[in-house]
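Q: attaching a predicted model along with its sequence, questions to come.
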Amino acid sequence: MAQLSSSFTMENPVFECYAFYSSILILKMILMSFLTIIQRMKKKVFISPEDLTLNPIKASTGEVLYDDPDIERVRRAHLNDLENIPIFLITGLLFVASRPAEMLAMNLFRLYTLVRIIHTSVYAIYVVPQPTRAIMFIIGVIINIIMIICILIKMHQF
């Protein structure tokens, strides 16, 4: 039991790396809400009529829309994060508990964070044609699968 609990301390470089990159991903998900707000303000498109009253000067030029393509693109990128990053957070934590090879774990955490940032960038900020976004998504899925396989192999050894 002492071995397992020592996996989740900052003295474990794998956990420290996991905590660092997970924090970046969580912050990224939080910031996606603000990216949506910025896009709404820029386009003067709001989600509900009461939002028009936040700025009476812009109220006369703003409108309530539910299908603006630019805003929906940012929202879809945020939704994609909400669907994928929690899986990584859980899988990564189980991966840390399995005491993986330090270099493998750290590089998987780094790469996953990088591909999620690139995914959002090419989806919601600087729109790049496919297959760039699909490739980033697939790399993220493969990283989760690699970690899951490592966890299952480690569990089988017990």
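A: Noted; the coordinates are in hand. Model, not experiment: these values are computed from the prediction.
Q: what is the least confident helix or strand in this protein?
A: The helix or strand of the chain with the poorest confidence is helix 56-59; it has a mean of 56 (mean pLDDT, DSSP states H and E).
Q: mind listing what V115 touches?
A: By C-beta atoms under 8 Å, 6 or more residues apart in numbering, the contact list for V115 reads 136-137, 139-140, 143. C-betas here are computed from N, CA, C, even on glycine.
Q: can we see that at 7 Å?
A: By C-beta atoms under 7 Å, 6 or more residues apart in numbering, the contact list for V115 reads 136, 139-140.
Q: neighbour-wise, which of those residues leads?
A: Most neighbours among the contacts of V115, by other C-beta atoms under 10 Å: G140, with 23 neighbours.
Q: and that residue, what helix or strand is that in?
A: helix 132-157 (DSSP states H and E).
Q: how distant is that helix from the center of its chain?
A: 15 Å (C-alpha atoms, centre = their mean, to the nearest Å).
Q: in that helix, what counts as buried?
A: 133, 136-137, 139-140, 143-144, 146-147, 150-151 (16 or more other C-beta atoms under 10 Å).
Q: which among the contacts of V115 gets closest to K42?
A: If you rank these by distance to K42 using C-beta to C-beta, M136 comes first, at 24.9 Å.
Q: contacts for stretch 8-16, please.
A: The contact list for stretch 8-16 (C-beta under 7 Å, 6+ apart) reads 6-7, 96, 100, 102, 105-106.
Q: quick one: the helices in the chain?
A: Applying DSSP state H to the chain gives helices spanning 2-7, 13-43, 56-59, 69-97, 102-120, 132-157.
Q: ok, L108 - how many residues close by?
A: Residue neighbour count, defined by other C-beta under 10 Å, stands at 24 for L108.
Q: check contacts around the nearest residue to it once chain neighbours are set aside.
A: Nearest residue to L108, sequence neighbours excluded (C-beta to C-beta, 6 or more residues apart in numbering): I143, at 5.3 Å. Residues in contact with I143 (C-beta under 7 Å, 6+ apart) are 108, 111-112.
Q: count of neighbours near D70?
A: 14.
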